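> The sequence and its predicted three-dimensional model are supplied below.
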Amino acid sequence: MADKNDLFPEIEPYDTGMLKVSDLHSIYYEESGNKNGNPVVFIHGGPGGGTSPRDRRFFDPEAYRIILFDQRGAGQSLPAYELRENTTWDLVADIEKLREHLKIDKWVVFGGSWGSTLGLAYSETHPDKVKAIILRGIFTCRRRELLWFYQDGCSLIYPDKFEAYRDHIPEVERGDLISAYYRRLTGDDEEARLSAAQAWSTWEMTTSRMFVDEELVKKAEKDTWCLQFARIECHYFVNGIFMKTESQLLDDADKLSNIPVTIIQGRYDVVCPVETAWLLHKKLPKADFHIVQDAGHSTKEEGIQSQLIAATEKYKKL
Ligand SMILES: CNCC(=O)c1nnc(C(C)(C)C)o1
């Protein structure tokens, strides 16, 4: 086992593929670790953030059959940043298609930020397919959560960084920044789309760690990545992530009451503040709940990384 707070060594997939999930979309997936191990599905953030090789390293490769996939329009999935036929419930159905394609009966679900959102939506829809759930940086996309980060709240903690995000939008449109960005991210002007995507993504990448991580910020300058991240995030948010009510994921959390759950949350997570993790914990009192006192949002925070690995070690023999 790796030291408590060290990632497992770098590994390469033993299998990769593209799974056709609709007339329009094919999703990239990969398997690494132990072919006969305990299956775990890694659900990436954003939405639109895609997976990275580092994501394989939260899991003991001798114990786990590690499955990563890029959600519709994200990462290596095609077509890139496509918004048609792209809803939370399409992604939930895709996870089931992938499970069946890989001939897996039940698996551990692991997700952070939007990955916690989609992990909750999937597990609440298919609780019988879930062995255990590991969630980090809890995000249920209630209006209050979206307004905090994209309109007025986090701006009080990062007024210096918020300025560039806000000032990308003309003053007359600043009353609803998410909608203003959405108009630009889905408009016909390619330059306007890209510059809006860079401004949106830079705001999020700059605030994801307690100390600014220049590697994350550089990600926001990558054309395809920032278009995937910003367009898909904004598309989901303007549509209330396609929920019936804004508190649906918290309201339905009791469907998970018989599943082992670990909740890991940074005290100084300014992207997805602690309140939502606290509300989820109140709905799932049997869940292991860890507030990491010296961490922000990112899995790159040492305390978050350490708790995530402790959780995967805890569930590896299920
Ligand atoms: C509101 N979105 C937060 C989120 O899901 C997220 N933040 N960073 C990421 C990446 C690690 C995928 C860049 O995802």
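Yep, that arrived. No experiment lies behind these values; they were computed from the predicted model shown.
> Show me which residues of the helix or strand bottoming out on mean pLDDT in the chain are buried.
For the chain, the helix or strand with the lowest mean confidence is helix 214-219, at a mean of 90 (criterion: mean pLDDT, DSSP states H and E). Buried positions in helix 214-219, judged by neighbour count with 16 or more other Cβ atoms under 10 Å: L216, V217, K219. (C-beta placed from N, C-alpha, C; glycine too.)
> which helices and strands does that helix pack with?
helix 190-206 (3 or more Cβ pairs under 8 Å, 6 or more residues apart in numbering; DSSP states H and E).
> Quick one: list the elements packing against the helix it packs on.
Checking 3+ Cβ pairs under 8 Å, 6+ apart, helix 190-206 ends up next to helix 159-167, helix 177-185, helix 214-219, helix 223-238.
> Next to the ligand in this structure, residues from the stretch 1-150 of the chain, please.
Within the stretch 1-150 of the chain, the positions lying close to the ligand (Cβ under 6 Å from any ligand atom) are H44, G45, G46, G49, S113, W114, F139.
> Could you rerun that using 8 Å?
44-50, 112-115, 117, 137, 139, 141, 149 (Cβ under 8 Å from any ligand atom).
> Restrict stretch 266-278 to CA atoms and write it as PDB.
Output in PDB follows, covering the C-alpha atoms of stretch 266-278 (Å, rounded to 0.1, in the frame of the first residue of the first chain):
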ATOM      1  CA  GLY A 266     -12.100  20.600   2.300                       C
ATOM      2  CA  ARG A 267     -12.900  23.200   5.000                       C
ATOM      3  CA  TYR A 268     -11.700  26.000   2.700                       C
ATOM      4  CA  ASP A 269     -13.300  24.600  -0.500                       C
ATOM      5  CA  VAL A 270     -14.500  27.900  -2.100                       C
ATOM      6  CA  VAL A 271     -15.800  26.200  -5.200                       C
ATOM      7  CA  CYS A 272     -18.100  23.800  -3.400                       C
ATOM      8  CA  PRO A 273     -18.500  25.100   0.200                       C
ATOM      9  CA  VAL A 274     -18.800  22.800   3.100                       C
ATOM     10  CA  GLU A 275     -22.600  23.400   3.600                       C
ATOM     11  CA  THR A 276     -23.600  20.900   0.900                       C
ATOM     12  CA  ALA A 277     -21.400  18.200   2.400                       C
ATOM     13  CA  TRP A 278     -22.800  18.900   5.800                       C
END
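> Drop anything exposed from the residues of the stretch 1-150 of the chain next to the ligand.
Those of these that meet the buried threshold are 44-50, 112-115, 117, 137, 139, 141, 149, by 16+ other Cβ under 10 Å.
> if we can go back for a sec, single out the most deeply packed of the helices and strands packed on helix 190-206.
helix 223-238 (a mean of 23; mean count of other Cβ atoms under 10 Å).
> continuing past it, what's the next helix or strand?
Downstream of helix 223-238, the next assigned helix or strand under DSSP states H and E is helix 248-251.
> circling back: near the ligand, which of the buried residues of helix 214-219 show up?
Checking these against the ligand (Cβ under 8 Å from any ligand atom), the matches are L216, K219.
> Show the contacting residues for the residue nearest the centre of the chain.
The centre of the chain sits closest to G45, judged by Cα atoms, centre = their mean, with a distance of 1.8 Å. Contacts for G45 (Cβ atoms under 8 Å, 6 or more residues apart in numbering) come out as G111, G112, S113, W114, G115, G137.
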